[in-house]
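K.L.:
got a predicted structure here, sequence first:
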Amino acid sequence: MTFQDPLVVLSPHFPQLTAANSRPTIPYDEGYNCIAWAVEDTDRWWWPDPQRQQFWPARVPRQVTLAAFVQAYGLLGYARCAYASIEAAKQKITIYTSGHGKPTHAARQLRDGWWASKLGEQIDIEHELSARAGPEYGTVAIVLSRAMRP
């Protein structure tokens with residue numbers, strides 16, 4: 001079996017990703033998605049589906065709206081933040097939305113300023129913030145932050 005570069009496989013869906021602005025970190029894992037990965041949960045798939053097949057915080061409406069996602073992350077201490085640059089003692093996440101304002105993706109900032117993302121059921125990557133923008137996930141709609149945990 002030949003190894004195929006994951007960025008080549010993903011490039012039609014994520015045209016901004018390049019070897020210069022991203023790097024694969026963990027192979028496929030179907031047990032969690034980007035919404036969970038943003039808050040370092042690798043045990044569950046987070047999504048507000050009305051059939052309750054995935055995890056979603058009990059006190060948050062099961063709606064695919066930016067307000068519901070902000071509320072879900074707010075239960076973990078995240079609040080709206082003005083900018084995405086590194087801030088001492090702050091952990092930041094971003095929520096991406098489609099052109100229709102529906103949440104599509106979330107990413108977590110790393111200590112070096114890059115961002116960690118999970119691509120659905122696919123690989124985990126580290127990337128520059130702008131590398132995730134595109135037709136598949138849309139653009140960054142909001143940045144949230146909380147105090148860094150030890």
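P.N.:
Arrived safely. Residues are numbered from 1 along each chain as shown.
K.L.:
what residue ranges in the chain score low on pLDDT?
P.N.:
For the chain, the stretches flagged by pLDDT under 70 are 1-15, 26-29, 132-133, 135.
K.L.:
show me what contacts the residue nearest the centre of it?
P.N.:
Using C-alpha atoms, centre = their mean, the residue of the chain that lies closest to the mean C-alpha position is Ala106, 2.1 Å off. Contacts for Ala106 (C-beta atoms under 8 Å, 6 or more residues apart in numbering) come out as 34-35, 37-38, 69, 93-96, 117. In this view, the C-beta of every residue, glycine as well, is placed from N, C-alpha and C.
K.L.:
from these, which two are the most distant?
P.N.:
Using C-beta to C-beta, the pair of those lying farthest apart is Phe69 and Ser117, separated by 15.2 Å.
K.L.:
so which elements touch the longest helix anywhere in the chain?
P.N.:
Looking across the chain with DSSP state H, the single longest helix is helix 66-74. Judged by 3 or more C-beta pairs under 8 Å, 6 or more residues apart in numbering; DSSP states H and E, helix 66-74 is in contact with strand 90-97, strand 103-109, strand 139-147.
K.L.:
so which of the ones you listed is nearest Thr65?
P.N.:
With C-beta to C-beta as the criterion, Thr65 lies closest to strand 103-109 of the helices and strands packed on helix 66-74, at 7.3 Å.
K.L.:
sheet partners, orientation included, of the closest one?
P.N.:
Taking DSSP bridges as the criterion, strand 103-109 forms sheet pairs with strand 90-97 (antiparallel), strand 115-118 (antiparallel).
K.L.:
great, nothing more from me.
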